[in-house]
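Visitor: no letters, just coordinates:
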């Protein structure tokens, strides 16, 4: 059973994810003229994804069996860091 999305977590912390998304989308379109829409799609996926702190039961069991604390892959980490790098410009 999936947990709350990042947007749900932000709402629970009294933030407004819809306004945050629109602001970030506008900035992406202003500064990344040719890739603005691509970045906006990535942002939308990020807001709808489950936070990294939330694991499914299968991921928890796999982590316990392997002795691994993180369920994410390095490819997922690379994509996330690339998104964060783009947002810092």
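Guide: On my side now, so go ahead. Since this is a predicted model, take the numbers as computed values, not measurements.
Visitor: which parts of this protein are helices?
Guide: Under the criterion DSSP state H, the chain carries helices at the ranges 6-12, 17-31, 36-48, 57-66, 74-87.
Visitor: and residue 40, how many neighbours does it have?
Guide: Other residues near residue 40 come to 19 when the count uses other C-beta atoms under 10 Å. Where you see a C-beta, it was placed from the backbone N, CA and C, and this is true even at glycine.
Visitor: is it true that it touches residue 26?
Guide: No. Under the criterion of C-beta atoms under 8 Å, residue 40 is not in contact with residue 26, lying 9.1 Å apart.
Visitor: give me every residue that touches residue 16.
Guide: With contacts defined as C-beta atoms under 8 Å, 6 or more residues apart in numbering, residue 16 is in contact with residue 10.
Visitor: the chain should start at 5 in everything you say after this.
Guide: All set: I'll call the first residue 5, so the last point we hit is now residue 20.
Visitor: pLDDT wise, what is it at?
Guide: Residue 20 is assigned 90 on the pLDDT scale.
Visitor: please consider this matter closed, and thank you.
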